[in-house]
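Q: what's the 3D shape of this:
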Amino acid sequence: MDGAQKTRAEPRVIRVPPPEGEVISRRIMSTIAVAVGVAALIVAVSLAAAGVIGGVPAMIIVLGALSIAAFLIWLPRSVNASYSRKRAEFLATLNEAEADPLAAAIGARWSRPSKVLKPDEIRAVLRGSDESNAERAYVVCLGQLDVPEIDDIFFEPEIITPTRALGYHLWFVPPAVAVLTFWFLQLMGVIPGRVINIGSFGYILAMGVSAGALWVWRSAIRPTYTRMAPGVIQILEYHHRRSKPTIRSYALDGGTLALVRGPTTNRKPGHITLTLLRDERKDTLELWRMRKRDAIVERTWQALLSTAPTPPLSDEDLLG
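A: Got it, this is the predicted structure:
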């Protein structure tokens, strides 16, 4: 990377709040509730008519089904009301003097809270708008995000290792290994007794095996690191037959789009994902799963928004 130090133009920050709408469809849940009630009534009447159960058990079945139906009707109303309240509180914190036309254009394509806007959709809006500026980077913030002010903060390059990137998902690996080892020893007859049903541990095994395989790939087979510095985020991939890593660099200047996705509801307050796009390159960093997530999120904002000079970065080593 070019080590020339220069002050960049401030990135164009576009804040797009969560859209209005229902998190859970009341119509769909009401339909399910009616179906549950009708089905329970038919079953109870049929069993009572056949003499399988008496009137009291049949009444219990009907009352239980009605309770479930009432819950299904109440649930979306409660969740949607909470979402509307949280959204209103978030909008009140923005304190924007005037509406951002780019935010409005992007928000027009975000029709419901559960919809995921694709990066190409956002790119199309930016390229087709008279407000766009090819000389600046764009940082598009979707959802309820606390975006810091742009500043000239300088910091030494930060390296995110594969272990730190996978974070707490690696906690699934030891129990998955323990279950597989115990099951295998039982099959071999080393541990006596009835062989455990390995399917009962399906979730732990799936998470553990996937996290372990991904960790081996990113740390041993294809070591992959993330490097952050003021005004740039880089992905470094090392290959066994090459001395230099393959570097995908996203400098925060013209041509780079940083898409920061935050929570749309209050159910996942720390669920933040960063997608970086430049030319044909694209990388996604799942900040929410990283170890010491809050520190990583803070450093990410500094890399995206700082106007301090980018220090010289080596094309061969992680630092320097």
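Q: leaving out the residues flanking it, which one is nearest to I53?
A: Counting by C-beta to C-beta, 6 or more residues apart in numbering, L47 is the residue found nearest to I53 once chain neighbours are left out, at 4.7 Å. Every residue, glycine included, has its C-beta placed from N, CA and C.
Q: what sits against that neighbour?
A: I53, P57, A58, I61 (C-beta atoms under 8 Å, 6 or more residues apart in numbering).
Q: just the buried residues out of these, in PyMOL syntax.
A: Selecting only the buried entries of the contacts of L47 in PyMOL, with 16 or more other C-beta atoms under 10 Å as the criterion:
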select buried, resi 53+58+61
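Q: most widely separated two among the contacts of L47?
A: Largest separation among the contacts of L47 by C-beta to C-beta: I53 and I61, giving 8.0 Å.
Q: find residues that contact each of those two.
A: Residues touching both I53 and I61 by C-beta under 8 Å, 6+ apart: A44, L47.
Q: now do the helices in the stretch 201-320 of the chain.
A: Assigned by DSSP state H, counting those that start in this stretch, the helices in the stretch 201-320 of the chain fall at 202-216, 293-305.
Q: mind listing what's buried in stretch 113-128?
A: Going by neighbour count (16+ other C-beta under 10 Å), the buried part of stretch 113-128 is P113, L117, I122, V125, L126.
Q: ok now do the second one, which residues does it touch?
A: Okay, so that is L117. Applying C-beta under 8 Å, 6+ apart, the residues contacting L117 are I106, R109, W110, L142.
Q: among the residues you listed, which pair sits farthest apart?
A: R109 and L142 (10.9 Å).
Q: more neighbours, the two?
A: Using other C-beta atoms under 10 Å as the criterion, R109 and L142 rank with L142 on top: 25 against 15.
Q: for the more buried one, give the beta-bridge partners.
A: Under DSSP bridges, the beta-bridge partners of L142 are V16, R261.
Q: neighbours around S82, how many?
A: The number of residues near S82, taken as other C-beta under 10 Å, comes to 14.
Q: do the one 3 residues further on as well
A: Per other C-beta under 10 Å, the neighbour tally for R85 reads 11.
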